[in-house]
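> The sequence isn't on hand, but the structure is:
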């Protein structure tokens, strides 16, 4: 009985370790620490759910890019510098 | 409208008031400075399939609609993503069946619908949520979040630059196109040069 229990536990451990973390070619979304909308998964196909989650990440990327550039007007490209001059920083860029 | 190269940042806003508001709107979406992965409030949005509203109509039956934020004046809004949105790609370079991979080659030479992504659509919808936007949009207007004065690159530029620049900060697509244009400019200016202004057919 002890041996049987040992074999069951050992087999379970081996199977767990042998399971790939990501069995598909999809990229991990890493949404656990993000403020992300909840998608009602049975309302959309699997691909559509993926597209919505990827889309949210892209939306945050877009917004983050604008924020990061607005906070570094001197290091940003000439396009944004046109509107965010260092001398205007205190009046244009508010602290959060 | 001229199709000469223009200063891209000037396409979707113009006044100093707008300059001051734009960064705050984006900051509000990405969240606090130490954790800019998305404002935690966004987790209160539920993405649902289309259903009949109080008027008995389906949101996605409206012409050309890609998404709609419902109950935007509540703490728990619902976001309907319509089939049209799923034909848009992702700028992370990942395409899907029926949705293109969006690349510099696809975008250039002009600002246009070719650079639309689901991310841009969602960003637009987030600006419609009162709870998220009311802290950063200035008082003195009837809305506490953005509304839709115009859709698309051409009409948004026309509205913001020519017809009613003072309304640009209240227009959801102002933010979507501003960020979108900046993204693609940064990504592609080295290899493809400056983007040119959108033309009517680019909407």
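Structure's in. What do you need? This structure is a prediction, so every number in the text was calculated from the model and none was measured.
> what's the residue nearest to residue B:118 when sequence neighbours are not counted in contact with, if anything?
Excluding its sequence neighbours, the residue lying closest to residue B:118 (Cβ to Cβ, 6 or more residues apart in numbering or on different chains) is residue A:55, at 3.1 Å. C-betas here are computed from N, CA, C, even on glycine. The contact partners of residue A:55, by Cβ atoms under 8 Å, 6 or more residues apart in numbering or on different chains, come to B:85, B:88, B:90, B:117-119, B:121-122.
> Is residue B:37 in contact with residue A:59, as I believe?
No: taking contacts as Cβ atoms under 8 Å, residue B:37 lies outside contact range of residue A:59: 11.6 Å.
> Which one's more surrounded, those two?
residue A:59 (28 against 19; other Cβ atoms under 10 Å in any protein chain shown).
> Report the contact partners of that one.
B:29, B:119-120, B:122-123, B:126.
> Tell me the secondary structure of residue A:64, please.
helix (DSSP: H, G, I helix; E, B strand; the rest coil).
> ok, which stretches of chain B are strands?
Per DSSP state E, chain B carries strands over the ranges B:46-48, B:67-70, B:78-81.
> Nearest to chain A, out of those?
strand B:46-48 (4.3 Å; Cβ to the nearest Cβ).
> in chain B, which helix has the most residues?
helix B:172-192 (DSSP state H).
> Can you list the buried residues in it?
B:172-189 (16 or more other Cβ atoms under 10 Å in any protein chain shown).
> Mind listing what's buried along stretch B:67-75?
Residues of stretch B:67-75 classed as buried: B:67-70, B:72 (neighbour count, 16+ other Cβ under 10 Å).
> Mind listing the residues bridging to the closest residue to residue B:59 other than its chain neighbours?
Closest residue to residue B:59 apart from its sequence neighbours, by Cβ to Cβ, 6+ apart: residue B:68 at 4.3 Å. When bridges are called by DSSP bridges, residue B:68 pairs up with residue B:80.
> show me the contacts for residue B:68.
Contacts of residue B:68 (Cβ under 8 Å, 6+ apart): B:59-60, B:79-80, B:82, B:125.
> Closest one to residue B:47 out of those, please.
Distance to residue B:47, by Cβ to Cβ, is smallest for residue B:79 among the contacts of residue B:68, at 4.8 Å.
> Output the below-cut-off pLDDT ranges for the chain.
No chain specified, so I'll use chain A. A:1-34, A:72-96 (pLDDT under 70).
> Chain B was what I was after
In chain B (pLDDT under 70), the answer is B:1-11, B:13-19, B:33-36, B:92-93.
> and the contacts of residue A:59 as a markdown table, adding distance to residue B:167?
Formatted as a markdown table, the contacts of residue A:59 follow (distance: Cβ to Cβ, whole Å):
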| residue | distance to residue B:167 |
| --- | --- |
| B:29 | 20 |
| B:119 | 24 |
| B:120 | 20 |
| B:122 | 22 |
| B:123 | 19 |
| B:126 | 19 |
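> can you list those in CSV and add neighbour count?
Output for the contacts of residue A:59, formatted as CSV (neighbours: other Cβ atoms under 10 Å in any protein chain shown):
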residue, neighbour count
B:29, 30
B:119, 29
B:120, 27
B:122, 29
B:123, 30
B:126, 31
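> show me where chain B has helices.
With helices called from DSSP H, chain B shows them at B:16-30, B:104-107, B:118-126, B:130-133, B:153-158, B:172-192.
> close to chain A, is the first one?
Yes: using Cβ under 8 Å from any Cβ of the partner chain as the criterion, contacts between helix B:16-30 and chain A involve B:16, B:19-20, B:22-24, B:26-27, B:29-30.
> distance between that helix and the chain's centre?
Helix B:16-30 sits 13 Å away from the centroid of its parent chain (Cα atoms, centre = their mean, to the nearest Å).
> Give the buried residues for that helix.
Going by 16+ other Cβ under 10 Å, helix B:16-30 has these buried residues: B:18-30.
> re earlier: and chain A, which of the buried residues of helix B:172-192 contact it?
For chain A, the contacts drawn from the buried residues of helix B:172-192 by Cβ under 8 Å from any Cβ are B:178-180, B:182-183, B:185-186, B:189.
> Nearest to residue B:163, out of the strands of chain B?
strand B:67-70 (24.1 Å).
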